[in-house]
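**Student:** Predicted model follows, preceded by the sequence.
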Amino acid sequence: MNEAGLCDALLIIDLQNGVCYGETQLHHLDELIIRVNQKIECYHKAKRTIIFVQHNDADLVKNTQSWSLIPKLQTEKGTHFVQKQHANSFYQTDLDLILKKHQVQTIEICGAQTEYCIDATIKMAHGLGYRLFLEKSLTSTYDNDFMSARQTIGFYEGIWAQRFLTLV
């Protein structure tokens, strides 16, 4: 992260209608959208790489409403859009090639869902040698049978911090 608090790239994972709006709304979604859009604006002004990742599966079928990125996101400022079919955003995608092409060494990550696609992507990116940064509470999820969404986010941030990324 440079002196302005920016990395070489911003990676926004799975902020899609079908991910964010299930039986209930994703935890702190309205705040998350505002903060992600602020990040997008900063990275755009600094002419940094902004990558949107979208999951494709039986529930998130490409080119459907559920697959689409949520309309409140400033997607027009995205420099790349990556399609994936696995929780790991690097698995069988061109994400690593895009990052290498743009000489990215540091990545700021945000999006959904904390315990699935965010976790898998963070661990893979770390294993590939990228330096990762995450602003506290800039991922989200739903309540589950064991923890509230808030507890889940805190639990994973505790695992990631100083092991896989720098939590800011």
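**Tutor:** That came in fine, so what should we check first?
**Student:** For the rest of this, base every contact and every neighbour count on C-alpha atoms.
**Tutor:** Noted.
**Student:** helices or strands next to the helix or strand harbouring Lys123 in the packing?
**Tutor:** When secondary structure is defined by DSSP states H and E, Lys123 falls within helix 119-127. With contacts defined as 3 or more C-alpha pairs under 8 Å, 6 or more residues apart in numbering; DSSP states H and E, helix 119-127 has these neighbours: strand 131-134.
**Student:** so what does the strand it packs on touch, helix or strand wise?
**Tutor:** Where contact means 3+ C-alpha pairs under 8 Å, 6+ apart, strand 131-134 is packed against strand 106-112, helix 119-127, strand 166-167.
**Student:** mind running it again at 10 Å?
**Tutor:** In terms of contact count using 3 or more C-alpha pairs under 10 Å, 6 or more residues apart in numbering; DSSP states H and E, strand 131-134 is assigned the packing partners strand 9-13, strand 106-112, helix 119-127, helix 149-160, strand 166-167.
**Student:** Run me through the strand neighbours of the first one, direction for each.
**Tutor:** It refers to strand 9-13. Within its sheet, strand 9-13 is paired with strand 49-55 (parallel), strand 106-112 (parallel), according to DSSP bridges.
**Student:** Contact partners for His27?
**Tutor:** With C-alpha atoms under 10 Å, 6 or more residues apart in numbering as the criterion, the residues that contact His27 are 20-21, 112, 139-143, 148-150, 153.
**Student:** mind giving me TSV with the residues you listed and columns for neighbour count and pLDDT?
**Tutor:** Formatted as TSV, the contacts of His27 follow (neighbours: other C-alpha atoms under 10 Å; pLDDT from 0 to 100):
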residue	neighbour count	pLDDT
Cys20	23	94
Tyr21	15	91
Ala112	26	97
Thr139	28	98
Ser140	24	97
Thr141	24	97
Tyr142	23	96
Asp143	15	95
Ser148	14	97
Ala149	20	97
Arg150	15	97
Ile153	22	97
